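Peer 1: turn this into a structure:
(2 chains)
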Amino acid sequence: DTEVTQTPKHLVMGMTNKKSLKCEQHMGHRAMYWYKQKAKKPPELMFVYSYEKLSINESVPSRFSPECPNSSLLNLHLHALQPEDSALYLCASSPYHGAGANTGELFFGEGSRLTVL
Amino acid sequence: KNEVEQSPQNLTAQEGEFITINCSYSVGISALHWLQQHPGGGIVSLFMLSSGKKKHGRLIATINIQEKHSSLHITASHPRDSAVYICAVAPSPGRGTSGSRLTFGEGTQLTVNP
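Peer 2: Numbers count the residues shown, from 1 in each chain, chains lettered A, B, ... in the order given. Below is the predicted model:
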């Protein structure tokens, strides 16, 4: 199984809603990532988890809250989002993570397209 | 100036043509990734390179570490190759940052017409 599975594929939410994005991989990868991608732009790193611990937070607003319940699952909890948060949210995983280390090949999910009204 | 520059930004080809997409970078790297993204979709990792050349089917990727340059070639292009191709680099050890912080190019939009 070389897949990263993301759910839901599409999500529409109001600014007062609370929702979650989910990501799952069964490749035994120790690093998992959340990226945000706006139209016609490259992905922007949000969070990195290494061995189920938050390793990198790229100064993401607290209305985005990541969670890694176990080595196969990664969630992104959303609360009080703004319309400008509408984007494609991509999850990825890689075999390794570490300061100055090559991560190994990255595997991306299909993304969750979020629209905030 | 971006740390990763891709050219061309847009490329239109006829089916069957040989295609080259270029990536130049200005920092020391431990690896370079070539990624493919179809419209509205997720990203597929095509290659991860740290030296030399790799081939997978009709795709070939090369890297010249001394010149800080990589190329992605597609032989016998097909309309299903139409996608955005993204070059991303992982910083080398000792720069005080993690290999997980990839620096992405802006992408090359490839359209292959039948």
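
Peer 1: for chain A, list the residues in contact with chain B, please.
Peer 2: Proximity of chain A to chain B, by Cβ under 8 Å from any Cβ of the partner chain, involves residues A:6, A:31, A:33, A:40-43, A:45, A:48, A:50, A:55-56, A:88, A:90, A:92, A:94, A:97-111, A:113. Backbone N, C-alpha and C define where each C-beta goes, glycine included.

Peer 1: check the offset of the helix or strand B:S45 falls within from the chain's centre.
Peer 2: Using DSSP states H and E, B:S45 sits in strand B:43-49. Centre-to-centre, strand B:43-49 and its host chain are 8 Å apart (Cα atoms, centre = their mean, to the nearest Å).

Peer 1: before we move on, back to that, which of the residues of chain A next to chain B are buried?
Peer 2: A:6, A:31, A:33, A:42-43, A:45, A:48, A:50, A:55-56, A:88, A:90, A:92, A:94, A:97-98, A:101-111, A:113 (16 or more other Cβ atoms under 10 Å in any protein chain shown).

Peer 1: which of these fall within helices?
Peer 2: Residues of those located in helices (DSSP state H): none.

Peer 1: what segments of the chain are strands?
Peer 2: Just so you know, I chose chain A. A:4-7, A:10-13, A:18-25, A:31-37, A:44-50, A:53-57, A:64-70, A:73-79, A:87-94, A:107-108, A:112-116 (DSSP state E).

Peer 1: let's do chain B instead
Peer 2: B:4-7, B:10-14, B:19-25, B:29-37, B:43-49, B:52-56, B:59-64, B:69-74, B:83-91, B:103-104, B:108-113.

Peer 1: spit out the contact partners of residue 72.
Peer 2: Because you didn't say which chain, this covers chain A. A:E24, A:Q25, A:H26 (Cβ atoms under 8 Å, 6 or more residues apart in numbering or on different chains).

Peer 1: not quite, go with chain B.
Peer 2: B:T20, B:I21, B:C23, B:W34, B:L46, B:F47, B:L59, B:I60, B:A61, B:Y85, B:C87.

Peer 1: and the third one, how far from B:S71?
Peer 2: Counting by Cβ to Cβ, to the nearest Å, the gap between B:C23 and B:S71 amounts to 7 Å.

Peer 1: now do the last one
Peer 2: Distance, B:C87 to B:S71, by Cβ to Cβ: 10 Å.

Peer 1: which residues do the two both contact?
Peer 2: With Cβ under 8 Å, 6+ apart, B:C87 and B:S71 have common neighbours B:I21, B:C23.
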